[in-house]
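[1] Below is the sequence, then the predicted model.
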Amino acid sequence: MIAVELVKLIRRPRTWVAVGLLCLLPAVVAVFLATTRIAPPPGQGAAFLSAVLQSGSLYPAAALALVLPLFLPIAVAVVAGDAVAGESSQGTLRYLLVRPVRRTSLLVAKLVSVVVFVVGSVVAVAGTSYVVGVSLFGAGDPVAVVRALPEVTGGGDDAVAGTGPAAPAGGGGQVGSSDAASGGQAGATRPGADTGDGAVVADDQAARERAQASVSSLSGEALSPADLAARLLGAMGYVTVSMLGVAAIALFLSTVTASSLGATLGALAALVTSQVLVSLDAAAAVTPYLPTRYWLAWVDFFRDPIFLRDITAGLWLQAGYVVVLMLAAWANFTTKDVTS
Amino acid sequence: MAAWSGRVLWRWAVVAVVAALLVGVPATIAARPGDARADPEQLRDLVAASADRPWTGYAEARAALGLPRIAQLADVTTLLSGVTRMRGWYAAPDRSRVDVLSAVGERDRYTTPRGQAVWDYGAELLTIVARDPQVRLPRPEDLLPPELARRLLAGTTAADPPTELPSRRVAGVDAAGVRVTVADPGTTVGALDVWADPATGLPVAVEVRARGVADPLITTAFGELTQGPPDPAALEPRRGPGAGVTRSPTSDLFGVLGRGDGSSLPASLAGRERVRPERGFPALGRYGTTLGQLIAVPLPPDLAGTLLAGIDRAGAGRTLTVEGQGSALETPLLTLAVVRSEDGAQAWVLAGLVPPAAIDSGATDLLAGGRT
């Protein structure tokens, strides 16, 4: 059953058009950015859009930020909203159920096919945007790498000590040298500070590799390519899970109505309502239960240390939506009179 | 048909029960009352002495002062009229890090024994700060529960009675509560509600109430908390590859203004005596030591003009009836005024958690003192 649904998903031109359009948006943005070199002002625009001018290897993250608020949920709602209602409106649902297929299995197969669509879309967006990003912006700015090297290899005791060309000599190194020179500090702080310094100085090679990556976390930590890849994978996984709530809403509505459009628009209406309420202080009591509340938490993968609080809450929330709405879809679909 | 209806009902009942459990169980766990008790006097003392308690955590502060946005003071007006999300690592008063999180970046402030460093992801800049004055503009980290509790409690007096509040569970801590009702009519602060770990005295939630306002105007609480020394690696300032670095003697507007000439500041304002100024900042006038203290700082005429225009544009200022020019931004808790002499040669910013009468009186004293 699952295989049948997957084949159906793959054979549909609509699937590929949706994925193609999702990949197109970041590519268009990248072309504009690369030709004009005008990044959004600090703190504005989609996350990471400024940073990609330095290194295209961050572009998958920027691409996720671009498609997440609108395009990805629309695509997911279209596919999931059509899952059952589409069969119903085409009159094929009746024939589908004539076969010895349990309705629950059909529902599960539909969910799996939607999940595969989401995973495929996210991977396609990230993959194409990586290629687009690296080819348009390069994998790292050589100037940035050169400027970063003294910072981590110059024998300074931390990132601040080797301040690079921008720092005047007078009064320098106050913050940076504080750890090594800190006599008479509280016992709890000293051993840790020494360990941190030692780790940086001892491993010049690792530091050089990190600098060559030329990509910074939001907290200013240089990210190695492997670290960046791991964080990107985490973010992609989280975005995928974030879309499961939308998929579950659309799939449930798809079992309620025979109109795919109705199910899709219903799911989108739910999302818009959620977005409005999330930004409303007066709705603070229900905010933690809204499906879009933790959508932006994927950015937390790029903080140092990784901030797991909202990510964990988001995963639980999406799981809750999937469980409740799939149960509702099951309760509705398995007891429904299918006449079309 | 009856059996069919029964099947439908049974299935929907399963859905309803599962949904209710998923919503209800976490809400019930979060709302279950704590059972911590502590003597209010002792808890207040414990909180005041908690500066050496290390912790790592995440806190959210919500301020509802409703200040209009003034471009030159945007950081302050935004901070006091919205939600601030912060991660913190605190080892000691001179060894900490606070990240202010936004959806697209973060701004991290590292405190080290030799000074501070501020990493701004959006600006791709690390600023090494030599020293900020004690009297300065509010910053996000001031709204962390331990900082806010200690700072405000330090402004209360022994005459302000502490009473016990029902305990709360905050970030896994069964916290005992104390309310300090502020008796001084010279301040707008009506009461401070502090919940703290009764074992360590570390404040985990704070609510600041203004006189005559039912709801707290500032609420802050930990959402996640681990007590104990933080990971030392997290306390090391860092900057991303390619990012700039700059040095600054101060990161605060008052740090710049305070180095100027303080001769226009009178010895007392609105009945409050001037506290001896901090070394290096002669132009920072601090009057009084309690919550009703007034802060007065001389302003360059051009900045005063810009601020007055900003307050007027915001449309929320009250014009002061003084011999000169004055506009005040008033909230039930904080009042900030800009006063300028008639000839425009001298100007001051005047602020405090004080009622309008104290600002009026302070402005009059400033103008009188400035003339002499």
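    Looks like it arrived, so ask away.

[2] What is the neighbour count of residue 241?
    No chain in the question, so chain A it is. Each residue near A:Val241 was counted by other CB atoms under 10 Å in any protein chain shown, and the total is 20. Using the backbone N, CA and C atoms, a C-beta is placed for each residue, glycine as well.

[3] that's the other chain; I wanted chain B
    Neighbour tally, B:Pro241, other CB under 10 Å: 28.

[4] Then B:Arg11?
    Neighbours of B:Arg11 (other CB under 10 Å): 18.

[5] Which helix or strand lies directly C-terminal to the helix or strand hosting A:Val7?
    If you go by DSSP states H and E, A:Val7 is part of helix A:2-11. Following helix A:2-11 in sequence order, the next helix or strand is helix A:13-36 (DSSP H and E).

[6] so the helix or strand just after that following helix versus helix A:13-36, what angle?
    Sequence order places helix A:59-67 as the next helix or strand after helix A:13-36, per DSSP H and E. Interaxial angle of helix A:59-67 relative to helix A:13-36 (axes from the mean of the first three to the mean of the last three CA atoms, to 10 degrees): 110 degrees.

[7] For helix A:59-67, list the C-alpha coordinates in PDB.
    Provided in PDB are the C-alpha atoms of helix A:59-67 (Å, rounded to 0.1, in the frame of the first residue of the first chain):
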ATOM      1  CA  TYR A  59      23.000  29.200   1.800                       C
ATOM      2  CA  PRO A  60      21.000  26.000   2.500                       C
ATOM      3  CA  ALA A  61      20.200  27.600   5.900                       C
ATOM      4  CA  ALA A  62      19.100  30.800   4.300                       C
ATOM      5  CA  ALA A  63      17.100  28.900   1.700                       C
ATOM      6  CA  LEU A  64      15.200  27.100   4.500                       C
ATOM      7  CA  ALA A  65      14.500  30.400   6.100                       C
ATOM      8  CA  LEU A  66      13.100  31.700   2.800                       C
ATOM      9  CA  VAL A  67      10.700  28.800   2.100                       C
END
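
[8] helices or strands next to it in the packing?
    Applying 3 or more CB pairs under 8 Å, 6 or more residues apart in numbering or on different chains; DSSP states H and E, one finds that helix A:59-67 contacts helix A:13-36, helix A:103-137, helix A:225-256.

[9] A:Ser55 is nearest to which of those?
    Closest of those to A:Ser55 is helix A:103-137, at 6.6 Å (criterion: CB to CB).

[10] Show me which positions of that closest one end up buried.
    Buried positions in helix A:103-137, judged by neighbour count with 16 or more other CB atoms under 10 Å in any protein chain shown: A:103, A:106-118, A:120-122, A:124-126, A:128-130, A:132-134, A:136-137.

[11] got the buried residues for the helix holding A:Val7?
    Buried residues in helix A:2-11 (16+ other CB under 10 Å): A:5, A:9.

[12] Not counting that helix itself, show me its contacts.
    Where contact means CB atoms under 8 Å, 6 or more residues apart in numbering or on different chains, the residues beyond helix A:2-11 that reach it are A:15, A:79, A:108-110, A:112-113, A:116-117.

[13] Identify the farthest-apart pair in those residues.
    A:Thr15 and A:Val108 (19.3 Å).

[14] nearest residue to the residue of the stretch 201-340 of chain A found nearest chain B other than its sequence neighbours?
    Residue of the stretch 201-340 of chain A nearest chain B, by CB to the nearest CB: A:Ser216 (2.4 Å). The shortest distance from A:Ser216 to any non-neighbouring residue, by CB to CB, 6 or more residues apart in numbering or on different chains, is to B:Gly240 (2.4 Å).

[15] coming back round to it: pretty sure the residue of the stretch 201-340 of chain A closest to chain B contacts B:Ala243?
    Yes: under the criterion of CB atoms under 8 Å, A:Ser216 lies in contact with B:Ala243, with a separation of 6.5 Å.

[16] out of those two, which sits in the busier spot?
    A:Ser216 (29 against 25).

[17] so who does that one touch?
    Applying CB under 8 Å, 6+ apart, the residues near A:Ser216 are A:51, A:222-223, B:121, B:124, B:239-243.

[18] same check, this time on B:Val83
    A:281, B:60-62.

[19] most neighbours, which of these?
    Neighbour-wise, those (other CB under 10 Å) top out at B:Ala61, 23 neighbours.

[20] Tell me what it is bridged to.
    Taking DSSP bridges as the rule, B:Ala61 bridges to B:Thr84, B:Thr220.

[21] For it, give me its contacts.
    B:83-84, B:86, B:140, B:143-144, B:148, B:218-220.

[22] Among those, name the buried ones.
    B:84, B:86, B:140, B:143-144, B:148, B:218-220.

[23] now for the residues you listed, which pair is the farthest apart?
    Among the buried ones among the contacts of B:Ala61, B:Pro140 and B:Thr219 lie farthest apart (CB to CB), at 14.6 Å.

[24] which ones are touching A:Asp82?
    A:Asp82 touches A:254, A:260, A:263-264, counting by CB under 8 Å, 6+ apart.

[25] per-domain residue ranges of chain B.
    Using automatic domain parsing, the domains assigned to chain B come out as B:40-248, B:253-371.

[26] which stretch in the ones you listed has the least confidence?
    Looking at those, the lowest mean pLDDT belongs to domain B:253-371 (a mean of 90).

[27] what about that one, distance to the chain center?
    Computed by CA atoms, centre = their mean, to the nearest Å, the separation of domain B:253-371 from the middle of its chain amounts to 20 Å.

[28] And stretch A:266-274, by the same measure?
    That offset, for stretch A:266-274, works out to 20 Å (CA atoms, centre = their mean).

[29] Name the SS class of the nearest residue to B:Thr181 once chain neighbours are set aside, please.
    What sits nearest to B:Thr181 in space, not counting adjacent residues and going by CB to CB, 6+ apart, is B:Ala191, at 4.8 Å. Of the three states, B:Ala191 takes strand according to DSSP: H, G, I helix; E, B strand; the rest coil.

[30] coming back round to it: can you list the contacts of A:Asp82 in JSON lines and add distance to B:Gly260 and pLDDT?
    Below are the contacts of A:Asp82 laid out as JSON lines (distance: CB to CB, whole Å; pLDDT from 0 to 100):
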{"residue": "A:Ser254", "distance to B:Gly260": "69", "pLDDT": "92"}
{"residue": "A:Ser260", "distance to B:Gly260": "69", "pLDDT": "88"}
{"residue": "A:Ala263", "distance to B:Gly260": "66", "pLDDT": "93"}
{"residue": "A:Thr264", "distance to B:Gly260": "63", "pLDDT": "93"}
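
[31] Which members of those residues are the farthest-apart pair?
    Pairwise over the contacts of A:Asp82, using CB to CB, the maximum falls at A:Ser254 and A:Thr264, 8.5 Å.

[32] Can you check which residues contact both of these two?
    With CB under 8 Å, 6+ apart as the test, A:Ser254 and A:Thr264 both reach A:80-82.

[33] Specify which member of those is nearest to chain B.
    Among these, and counting by CB to the nearest CB, the member closest to chain B is A:Ala80, at 18.4 Å.

[34] The closest one touches A:Ser254, doesn't it?
    Yes: using CB under 8 Å, A:Ala80 makes contact with A:Ser254 at a distance of 6.6 Å.

[35] Find residues that contact each of the two.
    A:110, A:263.

[36] all helices for chain B, in order.
    B:2-31, B:40-48, B:74-79, B:145-153, B:253-257, B:301-314, B:356-371 (DSSP state H).

[37] and B:Asp361, how many residues sit next to it?
    For residue B:361 the amino acid is Ser, not Asp. Quick note: B:Ser361 (other CB under 10 Å) scores 18 neighbours.

[38] and it, how far is that from chain A?
    Distance, B:Ser361 to chain A, by CB to the nearest CB, to the nearest Å: 35 Å.

[39] so what's the nearest residue to that residue once chain neighbours are set aside up against?
    Leaving aside its sequence neighbours, B:Ser361 sits nearest to B:Ala270 (CB to CB, 6+ apart; 4.0 Å). With contacts taken as CB under 8 Å, 6+ apart, B:Ala270 has the following neighbours: B:287, B:294, B:354, B:358-359, B:361-362, B:365.
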